[in-house]
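Q: Compute the structure for the input listed below.
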Amino acid sequence: MEAEKVGEGSAAHRASLAADALVGRAPGKQLALEVRRMWAIAAAARIAHELGVEEVRLATVARRAGIGEDALSALFADREELLAAAFGTACILAAERAIPHYMIEVGPVQRLRAGVAQLLAFHDAEPELSSICLNEAPELATQRAGVRRLLARVICEELDTCFPPAVSPGEIEMAVARALEVVRRARGETPAGRAEALLAAVMQEILTPHLGTATAQIEASLPAPEVLTTPRRLYADGRAGLDVRLTAHLLGSRSKRLSRPLDGSDGRQPR
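A: Residues are numbered from 1 along each chain as shown. Modelled structure (predicted):
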């Protein structure tokens, strides 16, 4: 048996079955590589969540993912590249969840609240991926700084025109860093009302530079969206491991892309 193959009942074997079931055939070479990449990212995220980012090593990830070290090295040149891929995947999935809710709201504060609420719901529903997003590993300092700048730019674009005078991006970036630290400190806490309190604390940090402490506190104390009480995972089956959830998400996204007509139409036949 080749080193990268896995036994029946293992997490990677279940992910492989999920891939075959969703695609309806044995996955081709490129799809197989994409699925294997998801297993590795899932394993890295689980290790980071359980043991800390410093324990994410290629050999450990290969064993946890159920793939060979040579196969893993073909996907990621080193530990830093694997961590960067896991961080990027986690951020993309969090953004995919938050952006649609952010876009449909009316008003800058309402949009920011909806987006933050969805990010916090993702934080609760996918703790392993959240651990990667919130980690302080020095290898990911550049990626973290990029995310802070992006979030600060979104906040400035929303609030500068409605709540003059404009606040410097650097000041907002510091506010984002404080908000992320609030979430980081809250990891592992599960008392009733934590999600609502966490949303209020994060919104307080985000809004204070533009609105001032008193007004920001009033805005931050508004009722939390229902999503915070019903966090939704990437894959509906709560028994599925992160590798299966990421595989299902990957294949669902791939199926949507493949089902789109090449001419840009909606695919419906004319009457």
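Q: Look up how far L246 lies from T142.
A: Per CB to CB, to the nearest Å, T142 is found 24 Å from L246. (Each C-beta comes from the backbone N, C-alpha and C, glycine too.)
Q: Of the two, which one has the most company?
A: L246 (27 against 9; other CB atoms under 10 Å).
Q: pLDDT value on the closest residue to V182 other than its chain neighbours, please?
A: Once flanking residues are discounted, V182 sits nearest to A201: 4.9 Å by CB to CB, 6 or more residues apart in numbering. Looking at A201, its pLDDT reads 94.
Q: Mind giving me the packing neighbours of the helix or strand containing A201?
A: Here A201 is covered by helix 194-211, with elements defined by DSSP states H and E. For helix 194-211, the packing partners by 3 or more CB pairs under 8 Å, 6 or more residues apart in numbering; DSSP states H and E come out as helix 108-125, helix 141-159, helix 169-186, helix 213-220.
Q: Quick one: work out the angle between the longest one and helix 169-186.
A: Taking axes from the mean of the first three to the mean of the last three CA atoms, to 10 degrees, one finds helix 141-159 and helix 169-186 inclined to each other by 110 degrees.
Q: Give the other helices and strands that helix 141-159 contacts.
A: Against helix 141-159 (3+ CB pairs under 8 Å, 6+ apart) you get helix 79-104, helix 108-125, helix 169-186, helix 194-211.
Q: Quick one: closest of those helices to L222.
A: Closest approach to L222 among the helices and strands packed on helix 141-159 is made by helix 108-125 (7.2 Å; CB to CB).
Q: Domain parsing of this structure, as residue ranges.
A: As given by automatic domain parsing, the domain ranges for the chain are 1-76+235-263, 87-232.
Q: Least reliable of those domains by average pLDDT, please.
A: Among the domains of the chain, domain 1-76+235-263 has the lowest mean pLDDT, at a mean of 74.
Q: quick one on the thing from earlier: now distance to S253 and mean neighbour count too, for the helices and strands packed on helix 141-159, in TSV please.
A: Shown next, in TSV, are the helices and strands packed on helix 141-159 (distance: least, CB to CB, whole Å; neighbours: other CB atoms under 10 Å):
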stretch	distance to S253	mean neighbour count
helix 79-104	9	18
helix 108-125	16	22
helix 169-186	26	17
helix 194-211	27	21
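Q: do you know which of the ones you listed lies nearest L234?
A: helix 79-104 (6.7 Å).
Q: Compute the distance from the centre of the closest one to the centre of its chain.
A: 4 Å (CA atoms, centre = their mean, to the nearest Å).
Q: packing partners for it?
A: With contacts taken as 3+ CB pairs under 8 Å, 6+ apart, helix 79-104 sits against helix 29-51, helix 58-65, helix 108-125, helix 127-134, helix 141-159.
Q: could you check the angle helix 79-104 makes with the first one?
A: Think helix 29-51. Angle, helix 29-51 to helix 79-104, by the same axes, to 10 degrees: 90 degrees.
Q: Helix 29-51 - contacts with which helices or strands?
A: Judged by 3+ CB pairs under 8 Å, 6+ apart, helix 29-51 is in contact with helix 11-23, helix 58-65, helix 69-75, helix 79-104, helix 127-134, helix 242-259.
Q: Can you mark which positions in it are buried?
A: By 16 or more other CB atoms under 10 Å, the buried positions in helix 29-51 come out as 31, 34-49.
Q: quick revisit: with distance to L234 added, can I get the helices and strands packed on helix 194-211 in TSV?
A: Formatted as TSV, those follow (distance: least, CB to CB, whole Å):
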stretch	distance to L234
helix 108-125	8
helix 141-159	20
helix 169-186	19
helix 213-220	28
